[in-house]
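> Pasting the sequence and the predicted model now:
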Amino acid sequence: MKSQLSDPFGALASWTNNTIFCRWRGVTCKNQTYVIKLDLHSVTLAGALSPYIANLTFLQRIDLSNNKFSGQIPVEFSRLSHLEYLNLSMNSLNADIPSALFNGRSLVSIDLSINTLHGRIPHFVSDLLPRLQYLSLARNNLSGTIPKSIGNISSLTYLDLSDNILEGSIPKTLGINSNLLQHVNLYNNNLSGEVPDSIYNITTLTYLNLNDNELSGTLPSTIGHTLPNIETIDLGVNWFVGPIPTSLSNASHLQNIVLTANSLYGKVPTNLGSLHNLSYLDLSWNQLESGDWSFFSSLIHCKKLRILNLISNNLTGNLPITVGNLTTELERLLMGSNNISGIIPYEIGNLVNLTALYLDQNLFTGMVPPSIGYLCNLDILDLSKNMLSGPIPFSIGNLTKLSELWLMENQLTGAIPTSIGNCSNLFRLKLCSNNLEGIIPKEIFGITTLSQEVDLANNLLEGTIPWEVGSLKNLPYLDLSNNNLQGEIPLSLGDCQVLQQLKLGGNHFEGSIPESLRNLRGIEYLDLSLNNLSGKIPEYFDSFRSLKYLNLSFNALEGNVPEGGIFSNASAVFLHGNLGLCGGNSLLNFPPCPVDSSKHKRNFVKQYIIIIATCIASISFLIVIISTIFSRLKNKKDTQHEGTGSEVEMYKKVSYYDLLKATDRFSLANFIGRGNFGSVYKGTLDGEGQVAIKVFNLDQTGAHRSFNTECESLRNIRHRNLVGVITSCSTVNPRGNEFKALVLKYITNGSLEEWIHPKVEGKKLSLEHRIYFALDMASAVSYLHHHCTPPLAHCDLKPSNVLVDGDMNALVSDFGLAKFLPSPASQNSTSLMGLKGTIGYIAPEYAMGGQISIHGDVYSYGILLLEMLTGKRPTDDMFNGGLNLRSYVNAAFPEKIGEILDTTISEEIEDLLMHECAISLFRIGLSCSEEAPKDRISMWDVATEISLLKERFLNKEIPVGGTN
């Protein structure tokens, strides 16, 4: 065992033949004869787990947690009949869990959390686990459904299956026989359906976390009675509807209530004040109402309350002065994105231990109360997007622990108080879009911790930019635009070498653009427009490799326009309104610069050579133009059959801050869902309207490759049934971490997954829709396989990767696993290394180590088509023991298809035409999902067949030979 392990810190140094094994580190013996305990946790061992550990037949405890073990869990461990405690957590184990592992009659505790184990959770035989109390499989990649048999382990007290990719419903058996359960954590999976009543009836339960799933239904009105011992209940980020049960107040042990991001409505219960142990109350992102705010008076009695989150509800009316009577233990008061009106009560200054106060995006009027200055522990203060007026109180300078100050988009007046300079821990300052006057206090630029942004734009500020601005050496974003600032741009601004965005437009700056700005090597966005700047455009601008946007328009600049770097991209440079400019890129439409006549006379021969060279270049250029025209005509002719989208347009450049603004700081309200390698947000981008923004999780293995693949794929393909790319963003975020995102067209009707398996009423697919969707998807995949050069295998076709637009067209998306193949031939393939498709849709040859080919997409399409017709997922619980979706359909085809058809369209096939159309679609699905790749039809043939089927359907013709 020792020889096969990496032991960088010598944890096994004592494991020698010269030492009695009972004295080895981590080994405990009984009677100095046999080993009963092996404890080597947190010693940085690496390698595979040795099956020879199972030879220690009297072992009772194994703790190898927090190491770097990889590979599989030896099935031989199941022979350890005395084993009570097994802890392999926090390693890199990356195989299936051997089912035999759960046959240990003596096992009391199993912890396999924080690994990369995959596959399904094995079936549990309760008779073989009579003593099991603790089971944690959290933070792995386990898939499939939760086994029903898990509910038969009557001794279980602790169950944690969180942070996996489990799907399906929570088994009803859980809780029926598990009468001792105290802890249930199913957080961050893909579980759906209603929570079984048995869960809510586990009277011993103290902790219940079902957050971040797709669960639905209402919360039982008796929940506070049936869970009398509950301390934490977290049902956030699901699809629950209805009111919050008032019976929660009877669960007197409750400390944490999290119901965020559901669709709960009605008034906030007024009896929560009886929960004297309540510490954390999160009701954010629902549709709750405030009523007469009596719930606030009730919460006064919760003396242990630390966090109160009511963000993004339907709270209305005036914030009562009783807010000041809440416990002084309160640390976070979050009430943004509501419709609260009136003034901010002076009494809010009583909450002296607040670290975060969010009252943004409401209807508050009046002044910012000076009592804010009493909140000396504040870390974040957000009063933005209200109708506050009057000056910023001088007492704001008392908030020396403040890191973020958000006061933008109000009606604040007066000067910026110099006391802000006392906020020595500030890293973000946003005072933009107010009516602030006077000079910019130099004290602001003495806050050297400012490392996120300073935004004072759209005010009435005047005077010059203080020289001290150069002290902000860690600032990436500075916006002073649209004020009345004047004087020259200070040379010291060149010391802000981390700047990525500098916006000084819309002021009265004069003089030349300082030479010191050449130090801003990482600048991405520079706007000096609408000023009185003079002189020449600095040559160093064309050496800025990161610069994506340059606006120098409407100044008094003159001289030659550079041609290199960003100046070669006419769509990224704005220079109009400078009458003295000449030369540069012809697309900028400036006149040529004057020629020096003396040099012309002295250099006639050189000019003659230039004329000849120009003629040759012109002829060459004409040849290129003619060739390009013929090439485009040919391409247009080739792509007419597929009806591809419009010609490629120059991608608009976007920055991290553009995306931050578009998504309201990547807020939960704009969160759409998760993909294989990141999260998708809805946003509004200037000039583009609504977009979908896919942000890659670069900590996840394969995410960089996925981003590069999607960029390459989307740059080379265009089709009406493929989600169009708008642009990409690859940069470093303000915290210095790498950031990559794709901006895609926002598709309004969700995914095909939501239409096949609807969670809300109103989403119903007719057979006609299914025919159209089948054709849309087939056309897209056929294009990838047969019209792209080289051909492209999508590698992850599934309902959630097919989006539905407002006209009910299906569009294939998510090319993160796509692979360009070596040549157009359909039989060609490439290495499978790194492929991670989706279980249920992956072609069987991939599971056997086969090569990537377009045949794999054909199989996935076939399964997707069968799912669309039957309404059953390929991972449904019913598919086991050799039965899968294809064999299920094949057994009923063609005579009994009415028995397997999705019940929402079963009545439609009573019509003979509809019946034959359904048979034809089933036949195509079966042909696509043949076991052997060579037996599957091509996507070209699929698209052709369904196109004919669509025409016959529209013409009301019965398909010929539909049952063959």
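Arrived safely, thanks for sending. The structure displayed is predicted, hence computed values, not measured ones. Numbers count the residues shown, from 1 in each chain.

> Please, where are all the strands along the stretch 51-200 of the chain?
61-63, 68-71, 85-87, 92-93, 109-111, 118-120, 134-136, 141-143, 158-160, 167-168, 183-185, 190-194 (DSSP state E, counting those that start in this stretch).

> Let me have these in a markdown table, extended by mean pLDDT.
Formatted as a markdown table, the strands of the stretch 51-200 of the chain follow (pLDDT from 0 to 100):
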| stretch | mean pLDDT |
| --- | --- |
| strand 61-63 | 97 |
| strand 68-71 | 95 |
| strand 85-87 | 97 |
| strand 92-93 | 96 |
| strand 109-111 | 96 |
| strand 118-120 | 95 |
| strand 134-136 | 96 |
| strand 141-143 | 95 |
| strand 158-160 | 97 |
| strand 167-168 | 96 |
| strand 183-185 | 97 |
| strand 190-194 | 96 |
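
> mind putting those in a markdown table, distance to Glu895 and mean neighbour count included?
Heads up, the C-betas are built off the backbone N, CA and C, glycines and all. Output for these, formatted as a markdown table (distance: least, Cβ to Cβ, whole Å; neighbours: other Cβ atoms under 10 Å):
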| stretch | distance to Glu895 | mean neighbour count |
| --- | --- | --- |
| strand 61-63 | 56 | 19 |
| strand 68-71 | 49 | 16 |
| strand 85-87 | 52 | 21 |
| strand 92-93 | 48 | 18 |
| strand 109-111 | 48 | 20 |
| strand 118-120 | 33 | 17 |
| strand 134-136 | 46 | 21 |
| strand 141-143 | 34 | 19 |
| strand 158-160 | 45 | 21 |
| strand 167-168 | 30 | 18 |
| strand 183-185 | 45 | 21 |
| strand 190-194 | 32 | 16 |
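
> a markdown table please, covering those strands and showing distance to Ser571.
Listed next are those as a markdown table, based on distance: least, Cβ to Cβ, whole Å:
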| stretch | distance to Ser571 |
| --- | --- |
| strand 61-63 | 61 |
| strand 68-71 | 49 |
| strand 85-87 | 59 |
| strand 92-93 | 47 |
| strand 109-111 | 56 |
| strand 118-120 | 46 |
| strand 134-136 | 54 |
| strand 141-143 | 43 |
| strand 158-160 | 52 |
| strand 167-168 | 45 |
| strand 183-185 | 51 |
| strand 190-194 | 42 |
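
> can you pull the contacts of the residue most central in space within the chain?
Geometric centre of the chain, nearest residue: Ser679, 1.5 Å, by Cα atoms, centre = their mean. Applying Cβ atoms under 8 Å, 6 or more residues apart in numbering to Ser679 gives the contacts 671, 673, 694-695, 697.

> Return the member of those residues nearest to Ala810.
Gly673 (17.4 Å; Cβ to Cβ).

> in the sheet, who's paired with the closest residue in space to the closest one that isn't next to it in sequence?
Sequence neighbours aside, Val680 is the residue nearest to Gly673 in space, at 5.6 Å (criterion: Cβ to Cβ, 6 or more residues apart in numbering). Listed beta-bridge partners, Val680: Gly673, Lys694 (assigned using DSSP bridges).

> what's the neighbour count on Val680?
20 (other Cβ atoms under 10 Å).

> now it: how far from Gly750?
Note on Val680: its distance to Gly750, by Cβ to Cβ, to the nearest Å, is 12 Å.

> Quick check: the gap between the closest residue to Pro476 other than its chain neighbours and Asp527.
Excluding the flanking residues, the one nearest Pro476 by Cβ to Cβ, 6+ apart is Gln500, at 4.4 Å. Going from Gln500 to Asp527 by Cβ to Cβ gives 13 Å.

> about what we covered before: ok, the residue nearest to Gly673 touching Arg674?
Yes. Applying Cβ atoms under 8 Å, one finds Val680 in contact with Arg674, separated by 7.3 Å.

> Can you pull out the residues in contact with stretch 462-476?
By Cβ under 8 Å, 6+ apart, the list of residues contacting stretch 462-476 reads 437-442, 444-454, 478, 480, 483-490, 492-501, 734.

> Among those, name the buried ones.
Buried by 16 or more other Cβ atoms under 10 Å: 437, 440-441, 444-447, 450-454, 478, 480, 483, 485, 489-490, 492-496, 498-501, 734, out of these.

> Looking at those, which are in strands?
If you go by DSSP state E, the buried ones among the contacts of stretch 462-476 have 437, 453-454, 478, 485, 501 in strands.

> Just send these back as JSON lines, with distance to Leu431 too.
Formatted as JSON lines, those follow (distance: Cβ to Cβ, whole Å):
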{"residue": "Glu437", "distance to Leu431": "12"}
{"residue": "Glu453", "distance to Leu431": "11"}
{"residue": "Val454", "distance to Leu431": "9"}
{"residue": "Leu478", "distance to Leu431": "13"}
{"residue": "Leu485", "distance to Leu431": "14"}
{"residue": "Gln501", "distance to Leu431": "17"}
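
> Leu407: what's it in contact with?
368, 383-384, 388, 392, 430-431, 434 are the contacts of Leu407 under Cβ under 8 Å, 6+ apart.

> quick check: domain ranges of the chain?
Domain assignment for the chain by automatic domain parsing gives 649-746, 749-964.

> These: which one's closest to Ser221?
Of the domains of the chain, nearest to Ser221 by Cβ to Cβ is domain 749-964, at 22.0 Å.

> gap between that closest one and the chain center?
Taking Cα atoms, centre = their mean, to the nearest Å, one finds domain 749-964 lying 27 Å from the centre of the chain it belongs to.

> Same check on stretch 274-289?
26 Å.

> First-to-last residue distance for that stretch?
Using Cα to Cα, to the nearest Å, one end of stretch 274-289 lies 20 Å from the other.

> Stretch 535-546 too?
Terminal-residue distance, stretch 535-546 (Cα to Cα): 24 Å.

> Pull the residues that contact it.
Residues contacting stretch 535-546 (Cβ under 8 Å, 6+ apart): 500, 511-513, 515, 517-518, 520-524, 547, 550, 552, 557-567, 575, 581.

> same deal with stretch 219-229?
Contacts of stretch 219-229 (Cβ under 8 Å, 6+ apart): 182, 197, 200-206, 208, 233, 235, 240, 242, 244-253, 264.

> mind listing which of those are in strands?
Going by DSSP E, the strands hold 208, 233, 240, 242, 264 from these.

> May I see the residues you listed arranged in CSV, with distance to Val35 and neighbour count as well?
Converted to CSV, those look like this (distance: Cβ to Cβ, whole Å; neighbours: other Cβ atoms under 10 Å):
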residue, distance to Val35, neighbour count
Leu208, 39, 24
Ile233, 43, 25
Phe240, 50, 22
Gly242, 56, 15
Leu264, 54, 22
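
> mind listing the helices for the stretch 551-700 of the chain?
Along the stretch 551-700 of the chain, counting by DSSP state H, counting those that start in this stretch, helices occupy 597-602, 604-639, 656-662.

> which residue ranges form the strands in the stretch 451-600 of the chain?
Going by DSSP E, counting those that start in this stretch, the stretch 451-600 of the chain shows strands at 453-455, 460-463, 477-479, 484-488, 501-503, 508-511, 525-527, 532-535, 549-551, 556-560, 573-574, 580-582.

> Tell me which of these lies nearest to Lys759.
That would be strand 453-455 among the strands of the stretch 451-600 of the chain, by Cβ to Cβ, at 38.7 Å.

> picking up where we left off before, to Arg131, which of the domains of the chain lies closest?
domain 749-964 (27.7 Å).

> now the closest one: mean pLDDT?
The average pLDDT within domain 749-964 is 81.

> where in the stretch 501-650 of the chain is pLDDT low?
For the stretch 501-650 of the chain, the stretches flagged by pLDDT under 70 are 596-650.

> Apply 80 and report the result again.
Flagging of the stretch 501-650 of the chain using pLDDT under 80 yields the residue ranges 595-650.
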